[in-house]
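In: one predicted model, sequence on top.
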Amino acid sequence: MDYPLLNTFWTIMWVFLWILWFMLLFRIIGDIFRDDGMSGWGKAGWTAFVVLLPFLGCFVYLIARGKDMGMREMQRARSNEREFQEYIRAAATANEQPGAGHADQLAKLAELKDRGDISPEEYARAKEKVLSG
């Protein structure tokens, strides 16, 4: 119990800054490896600079490539959102395509028969066709 309150606050601050530093370091290294426009030698050079001289390397990287870092993140987010929307659209329209599901086709046929759009004989033939095919 011989640890003053002010020292506790200082310790908490230093731990927080240490965690913040590692988050920044991992984000920079991740950005280096995700950048498709950078050559392999460029990636190796920046990684060595950031690992061997971490404080200087991170600050220089943020000054030199910080603006592009945000733009690359936005492009990646837009690309992921576009791919997700295309997947949802493809999954939603899969049920509308012919042969999507026998139950859906049979339900549509029953609805047509109930409305009187097709005769019971036509319904029976179409039902056989759906069930056989």
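Out: Received, thanks. Numbering: from 1, shown residues only.

In: report the buried residues of stretch 47-60.
Out: 49-50, 57-58 (16 or more other C-beta atoms under 10 Å). Quick note: C-beta positions are derived from backbone N, CA and C, even for glycine.

In: dump these into JSON lines; add distance to residue 86 and pLDDT as well.
Out: Output for those, formatted as JSON lines (distance: C-beta to C-beta, whole Å; pLDDT from 0 to 100):
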{"residue": "49", "distance to residue 86": "38", "pLDDT": "95"}
{"residue": "50", "distance to residue 86": "35", "pLDDT": "94"}
{"residue": "57", "distance to residue 86": "38", "pLDDT": "93"}
{"residue": "58", "distance to residue 86": "36", "pLDDT": "93"}
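
In: so of the residues you listed, which ones are in helices?
Out: 49-50, 57-58 (DSSP state H).

In: next one, pLDDT for the residue nearest in space to the middle of the chain please.
Out: Using C-alpha atoms, centre = their mean, the residue of the chain that lies closest to the mean C-alpha position is residue 80, 4.6 Å off. Listed pLDDT for residue 80 reads 92.

In: what about it, distance to residue 73?
Out: Applying C-beta to C-beta, to the nearest Å, the value for residue 80 to residue 73 is 11 Å.

In: before I go, just wanted to say thanks for your time.
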